[in-house]
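Asker: Only the shape, not the letters, is given here:
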């Protein structure tokens, strides 16, 4: 299935079951939100999951773009991404978790043609505060899907304070052709999580206590890139059509090892989306995240060849990403930001090498040295570390 067909199948399935499609918001949460970027599909729906009526009703589904920096150091492997899209369905005080799980199983089995014997689920088994998630256990028992009980791995919370509740995660076996499923999700990495169904039953207060919500809701999230990878039979998310033409055009342009190629593809694709949502480089907040992504790319590119330049990026990869994420600003602003940051970073590196070449910085650096280099010369600690090890 092509990625567009996968999205269409998901949307059609939920429309037939009375859900209204909502248009995904940008990466930028409302100004009242303390986080820099939207990190999950439910993030823009938080007020409605807490009980406020949604103008489109109590059954919703959609596709939301998200950005996460918590796994930034993992980018370069087969699965971790900085910017990704999340398919989601929501019941705002309407049907319960058991119905959500049954529909989820039905969509995976009948809509996406994943055999039931290639599925395994994990369920919250209870802890000192809350008992086991018997609703999920009963639903999966009726469907005949094997269950593994966990504790905090199946307790969902967005922050230490706020909405939370037990979740049930659906895994798909991705072993080789003809290879029967083995082990369990926590024991064999070939079981890949594709879909999380959360029962929003509680809110954790500032004092750490759980308070039951008056409205019980269901939030589900399924990473599109990972789902496409599984359905298309790839071992890496970068092999799917979602990363075409990045993985076709960048390797001939810049000869890098595979992890470095993945990092460059991910970061540049993410940078295009962040710029497309109106963010510009700066030394704080969202702008700093953008600047850091660009500089990580340049550090990798210049490690072996300092003549490499972002101005060589084909227009096709920029346009493909903007269209994929439904952004209309065009490629010129993206290219201007990239080339401007490249010039700025090159000058900073030149100054940094000159400063760090002085005798007083020849030995181990103290925290006071790092503060001086940052405050006086504008050299962040991570940049100093990079220059001293390069």
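Answerer: Received the coordinates, thanks. From a predicted model like this one, the values you see are computed outputs, not experimental measurements.

Asker: helix, strand or coil for the residue positioned nearest the centre of the chain?
Answerer: The chain has residue 84 as the residue nearest its centroid, 4.6 Å off, counting by Cα atoms, centre = their mean. On the three-state scheme (DSSP: H, G, I helix; E, B strand; the rest coil), residue 84 is labelled strand.

Asker: since we're on the spatially closest residue to it that is not a sequence neighbour, how many residues are nearby?
Answerer: Setting aside the residues directly before and after it, residue 84 is nearest to residue 225 in space (Cβ to Cβ, 6 or more residues apart in numbering), at 5.2 Å. (C-beta placed from N, C-alpha, C; glycine too.) By the other Cβ atoms under 10 Å criterion, the neighbourhood of residue 225 contains 19 residues.

Asker: ok, and for the helix or strand containing residue 225, which residues are buried?
Answerer: Under the criterion of DSSP states H and E, residue 225 resides in helix 224-231. Buried residues in helix 224-231, defined by neighbour count with 16 or more other Cβ atoms under 10 Å: 224, 225, 226, 227, 228, 229, 230, 231.

Asker: So which elements touch the worst-scoring helix or strand of the chain on mean pLDDT?
Answerer: Least confident helix or strand of the chain, by mean pLDDT, DSSP states H and E, is helix 381-389 with a mean of 82. Where contact means 3 or more Cβ pairs under 8 Å, 6 or more residues apart in numbering; DSSP states H and E, helix 381-389 is packed against helix 331-356, helix 367-377.

Asker: Tell me which of the ones you listed approaches residue 250 most closely.
Answerer: Each of the helices and strands packed on helix 381-389 was checked against residue 250 via Cβ to Cβ, and the shortest separation belongs to helix 331-356, namely 13.9 Å.

Asker: can you give me the angle the closest one makes with helix 367-377?
Answerer: Orientation of helix 331-356 against helix 367-377 (axes from the mean of the first three to the mean of the last three Cα atoms, to 10 degrees) gives an angle of 130 degrees.

Asker: tell me what helix 331-356 is packed against?
Answerer: Contact partners of helix 331-356 among helices and strands, from 3+ Cβ pairs under 8 Å, 6+ apart: helix 258-276, helix 285-304, helix 315-324, helix 367-377, helix 381-389.

Asker: angle of it against helix 315-324?
Answerer: Using the same axes, to 10 degrees, helix 331-356 lies at 110 degrees relative to helix 315-324.

Asker: and the closest residue to residue 330 other than its chain neighbours, how many neighbours does it have?
Answerer: Across the structure, with Cβ to Cβ, 6+ apart as the measure, the residue nearest residue 330 apart from its sequence neighbours is residue 322 (7.4 Å). Other residues near residue 322 number 20, with proximity taken as other Cβ under 10 Å.

Asker: now residue 295
Answerer: By the other Cβ under 10 Å criterion, the neighbourhood of residue 295 contains 22 residues.

Asker: Which residue, neighbours along the chain excluded, lies closest to it?
Answerer: For residue 295, the closest residue by Cβ to Cβ, 6+ apart turns out to be residue 345, at 5.5 Å.
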